[in-house]
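> Take a look and give me a structure for this.
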Amino acid sequence: MTISVFPFLRLVSVCGAALMGSSCLPMFGAGQVLAGSSLADGLLPSSSLDLVWRGDIRSFPSSGLRTPRGFKVSPADSYSLLMEARPGIAGEWACYHDRSNYYWAFVAGKKEEEAGLYAVRRGVAVNGISGEIEDAPAAKDVRPPSVM
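Next comes the predicted model:
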């Protein structure tokens, strides 16, 4: 019985080239495991996230939510800034905050424990002091279900 070493050598060469700019973990499916593991905790901001609100974005309350300590921008103001930046969004959204930002993301179908991480990674950040909108890496990809 003969076993070819070419598939192994090809994998080694691809991973060797990938080490120059990225990891080989996605090739083995380990990237998906990371999102649900304790390793993903290190990817969150150093301060903890607190849920501000979750629900249908069109029913966001205009008042009644406390502004986090140290923030100049209220939750209602962050909502207004989000609506200016992303008009026409719909569906179930959540807003989280850490020590400096609000994080808005479309979270329909996501459990609470994964929604916060998703909001930080793929949501829209609103600076709690300046009100500046800061897109997370893939915020441009977030689409409401009515558009999909």
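> mind listing the helices for the protein?
Counting by DSSP state H, the chain has helices at residues 6-18, 30-35, 75-85, 112-122.
> looking at these, which has the lowest confidence?
Lowest mean pLDDT within those: helix 30-35, at a mean of 30.
> just the strands in this protein please.
Applying DSSP state E to the chain gives strands spanning 50-56, 92-97, 101-106, 124-127, 133-135.
> among those, which is the most enclosed?
strand 101-106 (a mean of 27; mean count of other CB atoms under 10 Å). The C-beta positions use only the backbone N, C-alpha and C, and glycine is treated the same way.
> That strand pairs with which strands, and in what direction?
strand 92-97 (antiparallel), strand 124-127 (antiparallel) (DSSP bridges).
> who are the neighbours in contact with G128?
By CB atoms under 8 Å, 6 or more residues apart in numbering, the residues touching G128 are P68, G70, F71, K72, V73, S78, H97, S100, N101, Y102.
> Write a ChimeraX command that selects only the buried members of the residues you listed.
Those of those that count as buried under 16 or more other CB atoms under 10 Å are selected in ChimeraX with:
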select :68,71,73,78,97,101,102
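> how about JSON lines for the contacts of G128, with distance to G123 added?
Shown next, in JSON lines, are the contacts of G128 (distance: CB to CB, whole Å):
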{"residue": "P68", "distance to G123": "17"}
{"residue": "G70", "distance to G123": "20"}
{"residue": "F71", "distance to G123": "17"}
{"residue": "K72", "distance to G123": "20"}
{"residue": "V73", "distance to G123": "16"}
{"residue": "S78", "distance to G123": "12"}
{"residue": "H97", "distance to G123": "12"}
{"residue": "S100", "distance to G123": "14"}
{"residue": "N101", "distance to G123": "10"}
{"residue": "Y102", "distance to G123": "9"}
